[in-house]
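Peer 1: here's my sequence, what's the structure:
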Amino acid sequence: MSGHRVLVVDDEPQIQRFLKPSLGAAGFDVVAATTGAEALKAAATAAPDAIVLDLGLPDMDGKEVIRQIRSWSQVPIIVLSARDRETEKIAALDLGADDYVNKPFGIGELTARLRTALRRAANASVKTQILTAGALSIDLSAHTVMQSGQALRLTPKEFDLLSVLARNAGRVVTHRQILIAVWGPAHVEDLQYLRVFVAQLRHKMRCPELIQTEPGIGYRLHADSA
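Peer 2: A predicted model of the protein is given here:
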């Protein structure tokens, strides 16, 4: 990952003082911004490969920064925030954030989230009909799934659910995002329906921990141990 440029958006001086050398030691080139306006300007002019964004900025809510950036860019955005309300996290993810890390945080977790987001962005730039996540191989055109060389027998909806998670491997996908993608807007409140299908999929995959539950928010397909 050496050489990737990361835009760090946070108005806390101690966070900036901590992250610049820490991410630099991990091989990242760090650009700093302390306001939403600076973040939007830097996102457009500094060409960052990823953005680490605090939601509590002095001039605007971080979610507005996400909304504006997503109107023209798909650069990976990792939310870094002390806000622990599920509604805040869900809103940020629904607006297009790729992941979130709670404050206080460990630099190891943050760099791991960054590497995952950068890998996902790199894979998305290559158009393919086959998705891979660890031992999983999903052929979108043939509607087949292989795990460790063995075929999995999935229903059409189970296949669609797994495909949504695999397209976002390593990233949190909210309940709302999954329900709309797989069943359509009319089923956006059918959370119990989704839980049943996730349980069925976990059973068929013979590896329950592969699909991780983010309590109250959604699900994440573990990209490295699939």
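Peer 1: E88: neighbour count?
Peer 2: When neighbours are defined as other C-beta atoms under 10 Å, E88 has 18 of them. Using the backbone N, CA and C atoms, a C-beta is placed for each residue, glycine as well.
Peer 1: ditto for T213
Peer 2: 14.
Peer 1: test my guess that it contacts Y219.
Peer 2: Yes. Between T213 and Y219 there is a contact under C-beta atoms under 8 Å: 6.0 Å.
Peer 1: restricting to C-alpha, output stretch 205-221 in CSV.
Peer 2: What follows is stretch 205-221, C-alpha atoms only, in CSV (Å, rounded to 0.1, in the frame of the first residue of the first chain):
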residue,chain,number,x,y,z
MET,A,205,-21.6,-21.8,3.4
ARG,A,206,-20.6,-24.0,6.4
CYS,A,207,-18.6,-21.1,7.8
PRO,A,208,-21.0,-18.9,9.9
GLU,A,209,-18.2,-16.4,10.9
LEU,A,210,-17.7,-15.5,7.2
ILE,A,211,-20.6,-13.1,7.3
GLN,A,212,-20.1,-10.8,10.2
THR,A,213,-23.0,-9.0,11.9
GLU,A,214,-22.6,-5.3,12.7
PRO,A,215,-25.3,-5.1,15.4
GLY,A,216,-28.1,-2.7,14.5
ILE,A,217,-26.4,-1.6,11.3
GLY,A,218,-25.9,-4.4,8.8
TYR,A,219,-23.5,-7.1,7.6
ARG,A,220,-19.9,-7.4,6.4
LEU,A,221,-18.4,-10.3,4.4
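Peer 1: what comes up buried for that stretch?
Peer 2: 205, 207, 210-211, 214, 217-221 (16 or more other C-beta atoms under 10 Å).
Peer 1: ok, stretch 76-88 next?
Peer 2: Counting neighbours by 16+ other C-beta under 10 Å, one finds that the buried residues in stretch 76-88 are 76-81, 83, 88.
Peer 1: distance of D54 from A92?
Peer 2: As judged by C-beta to C-beta, to the nearest Å, D54 and A92 stand 11 Å apart.
Peer 1: please read the previous query as pertaining to I51.
Peer 2: Distance, I51 to A92, using C-beta to C-beta: 12 Å.
Peer 1: with V30 instead?
Peer 2: For V30, the distance to A92 - C-beta to C-beta - is 22 Å.
Peer 1: these two - which one has more neighbours?
Peer 2: Ranked by neighbour count (other C-beta under 10 Å), V30 and A92 place A92 first, with 27 against 18.
Peer 1: which residues does that one contact?
Peer 2: 55, 62-63, 66, 79, 81, 100 (C-beta atoms under 8 Å, 6 or more residues apart in numbering).
Peer 1: and the next element down the chain from the lowest-mean-pLDDT helix or strand in the chain?
Peer 2: Ranked by mean pLDDT, DSSP states H and E, the weakest helix or strand in the chain is strand 130-133, scoring a mean of 79. Downstream of strand 130-133, the first helix or strand assigned by DSSP states H and E is strand 136-139.
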